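**Q** got a predicted structure here, sequence first:
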Amino acid sequence: MNNLWYNKIMAEIKYSITDQLLLHLYNCMDYGFSYRAKKSFFILDKIPKWRAKIGSKDVQEGIKSLRKSKFITKKLNYDGSIIISLTDKGRLRALNVSFRRLKNKKEDWDKRWRMVTFDIPNEFKKGRDALRYRLKTAEFYEFQESLFLYPYDCEREIRDFIKLFKLENYVYFATIDYIDSQEKIKVKFGLI
């Protein structure tokens, strides 16, 4: 029983490390980073809150796990540096983590709504269902069947998701200052 509990805790920690690595790669401008083998994993320097919890061995194991799951690619560059990049599968996983985190996003509200609306044809049904699922997972307010509202910045996540699914011609994003019935929407998000 103790082994089962220990394994579960270790799996959660490892999962957390891999999610953090995915988010770090996702937040890098080109969805990747490079390092020189001699300098080890400078990623720990970029994320100070990790220092107390994990070491470079944990990061190496996390990267190995991500490679095994085909979320990242790792290749040797001509100058001896190693380039680690997200695959499309890795981008989707990072976006999933990012959308789950939107659910718990708490910051000062700028009094503006982020509106996502779409009219996606049936030939892209998989992408439409995936988008609707992500919006519901992040607890966007469903104003209509294909119109969702959210109070905080989420443009990057939306744009990256629709680009990954090639839905750019069917999904629209707007930032608006007012919408009818916004008082009940404010209540839903705890803004009152």
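**A** Cool, the structure landed.
**Q** quick one: mean pLDDT over the helix or strand hosting Lys136.
**A** Using DSSP states H and E, Lys136 sits in helix 125-137. Mean pLDDT, computed over helix 125-137, is 94.
**Q** check which residues of it are buried.
**A** Across helix 125-137, burial judged by 16 or more other CB atoms under 10 Å covers 127-128, 130-132, 134-135. C-beta coordinates here come from the backbone N, C-alpha and C atoms, glycine included.
**Q** chain center to that helix, what's the gap?
**A** Offset of helix 125-137 from its chain centre (CA atoms, centre = their mean, to the nearest Å): 14 Å.
**Q** quick one: buried residues of the helix or strand that it is followed by?
**A** Toward the C-terminus, helix 125-137 is succeeded by strand 141-144 as the next helix or strand (DSSP H and E). Residues of strand 141-144 classed as buried: 141, 143 (neighbour count, 16+ other CB under 10 Å).
**Q** of all the buried residues of helix 125-137, which comes closest to Val116?
**A** The nearest member of these to Val116, counting by CB to CB, is Leu135 at 6.4 Å.
**Q** could you find the closest non-adjacent residue to that closest one?
**A** Of all residues not flanking Leu135 in the chain, Phe148 sits nearest, at 4.7 Å (CB to CB, 6 or more residues apart in numbering).
**Q** got the domain ranges for this protein?
**A** Taking automatic domain parsing as the domain assignment, the ranges for the chain are 2-90, 105-188.
**Q** could you dump those into JSON lines and include distance to Phe99?
**A** Shown next, in JSON lines, are the domains of the chain (distance: least, CB to CB, whole Å):
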{"stretch": "domain 2-90", "distance to Phe99": "11"}
{"stretch": "domain 105-188", "distance to Phe99": "5"}
